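[1] Next comes the sequence, and after it the predicted model I'd like to discuss.
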Amino acid sequence: MGVEQLCVFCAQLLKDFVALVRGVTSDFAQKIRDCVDAISQCSCLKRKKAAASKLYKPVLQQHERQAAQKFLQHLDTGTDKPLLDNDCLHALRTLAVSENPNLQQSAAIYYLHISQQLNAPLPVEFLEPYNALLQSSDMEVQRITSLSLVNLLVEENVNKELVVEMGMLEPILELLESGDPTVQCNSCACVATLTTSESNREAIASAGGVLPVLVLAKSYDPRVQQNAVGAVLNLTRSERTREVLWREGALPVLTILLESADSEVQYYSCSALSNFATNPEYHQMMLQVGDRFLLKALLSLMSSSVQKICCQSCRCLRNLSVNVNTQEALVAMGCIPQLKALLRSSSEPVSESAVTLLSALSEHPPNRGALVDEGFLKILKELLSYRTNPVILSHTTYTIRNLSSSQSVQAVIDSECVEGLLQTLACADTTEESLLCVTTCVKELTALESLKSHIAEKLNSELVGRLIGLAGQLEYTELSFHAAYIIGQLEPKDEVRQSLKPHISEVLGYLLRFLSHQEVRFQHLGILTLCRLNEDANFSSAIGLSPLVEQLQRFQQQTEETQALLRMAMHSMNRGGQGH
């Protein structure tokens, strides 16, 4: 059964009919009706029973003819909006399973029309005919059907998991091995969209779909390659499918694609490698490719004019930099000057990606001196202005802590990082997460004696009030502890200590809560702070009149009882040991 059973006239009409897929207009339904109606009225389809003795059977079975006629009547509505009722569904089911490719094309074209016009979820039952259409032996049906399915998936008019559950995954994966670039392109796009679902990724790996996708990632057709690499990227988002990709040889393919002329392919492959790099077990092999080919390629992409490629290369290097040898190699290969340029970018995403890599490099002590000498502390001070970006602020403050040492105290002071930290602390629009980063950093800096006095000099009454307010917010445990720790570090001779006096009641209030806190570190900090404050006459008088004295006495009694119990336990254990 095939097109050769039609006369020349009907064959031409069908070619015109298929051409309609290239551009659906307002008279779409009318043209379908005219085309198919003309074919159905032709004498080549009106064989008499005497013709049964010939070598071919009628092109249309009776039930197919009836379905086609009903379909035409159904389409003749005078509207572009696709109709999705039971009559339409029945006709589509009949046409989809027909052995006549021309009728299958009719169903495929209507699905394409649906995919272009639908602005709501497609009823589940209308997905059923897709299985037959995807398995059609007609190339044009495969092209049109796969394209309409891509449209429905991209627009989220069909449920991705449901597509797999209804058995469409196998025919989609079979289309990956088609010899037609359009079919390959569309089927890769289907897989790329389906793999945004974790359960679908598992299903594709189990069905053996990973290798065909990886093969098409090396396609010379740019459309096919881009969709295939996009599918590979999505497959790297799950650990199990990453393992399958790794075994199937994804590493050399993705590494070579970093030098692709297509920026999308570069981005997808770089992102996929970044996902692989989240697992340190892969690092050794990744770094062994060529003569550090991967590191060189990623360093080159850091200078890409495409922002997302630049950012993704930094993230990939960040993931690889948990290895000390990798960090040393990056520094030796000239990473630092490139990083300085990116950190000064006016683009927030670029600065964010760059500072994550910088924070990784600062973890390795031998790198810290070079980073300080290159003036990174001054750049970090500028990055503190990103108060509402917790990612930038957390990595910035973490790096400042790493670069601050007894040897770099003067560089820290000259960079005005302390002033930047305190300004961020004072701003009302700083998020709680960012405040925690800042207070943690300031707390760590007070461990350096020279910086502690410098911080005390820069604190004013407004900042002291801010710290007291944060210390009293015990619902934010870490933030409260760090703010109280900074206050507790103020020396009696510090002029800023005078700023505490207007807030005596608030300070004694949070200290009372610290003494009854379940965590020992809060209790210890409360006691140490009281000892320091008690050296001031005003505070000493206020403490003597507050419930703190009673709480301290209760705390002392509990401590003595605990010590007595401990002595008894130790004595009992010693006696038991001697008995044995």
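    Right, received. Where do you want to start? Residues are numbered from 1 along each chain as shown.
[2] which stretches of this protein have low pLDDT?
    Along the chain, the parts satisfying pLDDT under 70 run over 1-82, 492-497, 571, 575-580.
[3] for it, what spans make up the strands?
    Using DSSP state E, no strands are found in the chain.
[4] Spatially central residue in it, please.
    In the chain, the centroid-proximal residue (CA atoms, centre = their mean) is Arg237; its distance is 8.8 Å.
[5] Please tell me I have it right and that residue contacts Asn275.
    Yes - under the criterion of CB atoms under 8 Å, Arg237 makes contact with Asn275 at 6.4 Å. In short, each C-beta sits where N, CA and C put it, glycine included.
[6] What's the separation between the residue nearest to the centre of the chain and Ala272?
    Using CB to CB, to the nearest Å, Arg237 is found at 9 Å from Ala272.
[7] With Val520 instead?
    Look at Val520 and Ala272: by CB to CB, they are 47 Å apart.
[8] ok, now Leu515?
    Using CB to CB, Leu515 is found at 54 Å from Ala272.
[9] higher neighbour count, the two?
    Set Leu515 next to Ala272 and count neighbours by other CB atoms under 10 Å: Ala272 wins out with 28 against 19.
[10] which ones are touching that one?
    When contacts are counted by CB atoms under 8 Å, 6 or more residues apart in numbering, Ala272 touches 229, 232-233, 236, 250, 254.
[11] From the structure, what's the count of residues near the residue nearest to Ser106 when sequence neighbours are not counted?
    Of all residues beyond its chain neighbours, the one nearest Ser106 is Leu95 (5.5 Å), with distances taken as CB to CB, 6 or more residues apart in numbering. A count of nearby residues for Leu95, using other CB under 10 Å, gives 24.
[12] you'd agree Leu95 is up against Gln104?
    Yes - contact criterion CB under 8 Å: Leu95 and Gln104 qualify, at 6.4 Å.
[13] Give the intersection of the neighbour lists for those two.
    Common neighbours of Leu95 and Gln104, using CB under 8 Å, 6+ apart, do not exist here.
[14] Tally up the residues packed near the residue nearest to Arg344 when sequence neighbours are not counted, please.
    Setting aside the residues directly before and after it, Arg344 is nearest to Ile379 in space (CB to CB, 6+ apart), at 6.5 Å. Counted by other CB under 10 Å, the residues lying close to Ile379 total 21.
[15] Mind naming the longest helix for the protein?
    Identified as the longest helix of the chain according to DSSP state H is helix 548-579.
[16] For it, name the packing helices and strands.
    Counting contacts by 3 or more CB pairs under 8 Å, 6 or more residues apart in numbering; DSSP states H and E, helix 548-579 packs against helix 504-515, helix 520-533.
[17] Now Thr278: phi and psi?
    In terms of degrees, to the nearest 10, the main-chain angles of Thr278 are phi -70, psi -20.
[18] Enumerate every residue touching it.
    Asn319.
[19] State the phi and psi torsions of the residue nearest to the centre of the chain.
    Per degrees, to the nearest 10, the backbone of Arg237 is at phi -80, psi -10.
[20] just the helices in the stretch 301-450 of the chain please.
    All helices of the stretch 301-450 of the chain, identified by DSSP state H, counting those that start in this stretch, fall at 307-320, 324-332, 335-343, 348-361, 365-373, 376-383, 390-403, 409-415, 417-426, 432-445, 449-458.
[21] closest one to Ser572 among the ones you listed?
    helix 432-445 (41.2 Å; CB to CB).
[22] Please identify the buried residues of stretch 211-231?
    For stretch 211-231, burial by neighbour count (16 or more other CB atoms under 10 Å) applies to 212-214, 216-217, 219, 223-231.
[23] neighbours of Glu462, just the number please.
    Here the number of neighbours of Glu462 (other CB under 10 Å) works out to 12.
[24] Return the distance of the closest residue to it other than its chain neighbours relative to Val442.
    Leaving aside its chain neighbours, Glu462 sits nearest to Ala426 (6.2 Å; criterion: CB to CB, 6+ apart). The gap separating Ala426 from Val442 is 12 Å, by CB to CB.
[25] all helices in the stretch 51-200 of the chain, in order from the N-terminus.
    So, for the stretch 51-200 of the chain - with DSSP H, counting those that start in this stretch - the helices run 62-75, 86-96, 101-117, 130-134, 139-154, 160-165, 169-175, 181-194, 198-206.
[26] Out of those helices, which one sits most buried?
    Mean neighbour count (mean count of other CB atoms under 10 Å) peaks for helix 181-194 among the helices of the stretch 51-200 of the chain, with a mean of 25.
[27] what sits up against that helix?
    For helix 181-194, contacts defined as CB under 8 Å, 6+ apart pick out 139, 142-143, 146-147, 149-150, 153-154, 160, 163-164, 169, 172-173, 175-176, 178, 200, 204, 209, 213, 216, 219, 221, 223-224, 227-228, 230-231, 234.
[28] what do you get for stretch 539-552?
    500-501, 504-505, 507-508, 511-512, 515-516, 527, 530, 533-534.
[29] cool, stretch 248-258 as well?
    210-211, 214, 217-218, 229, 232, 236, 265-266, 268-270, 272-273, 276, 282, 285-286, 289-290, 293-294, 297-298, 301.
[30] repeat that with 6 Å
    Stretch 248-258 has contacts (CB atoms under 6 Å, 6 or more residues apart in numbering) with 210-211, 214, 217, 265, 269, 272-273, 289, 294, 297.
[31] In TSV: the residues you listed, plus distance to Ala189.
    Formatted as TSV, the contacts of stretch 248-258 follow (distance: CB to CB, whole Å):
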residue	distance to Ala189
Val210	17
Leu211	18
Leu214	16
Ala217	14
Val265	14
Ser269	17
Ala272	17
Leu273	22
Val289	29
Leu294	28
Ala297	27
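[32] and the end-to-end length of stretch 400-417?
    End-to-end distance for stretch 400-417: 8 Å, by CA to CA, to the nearest Å.
[33] Good, wrapping up.
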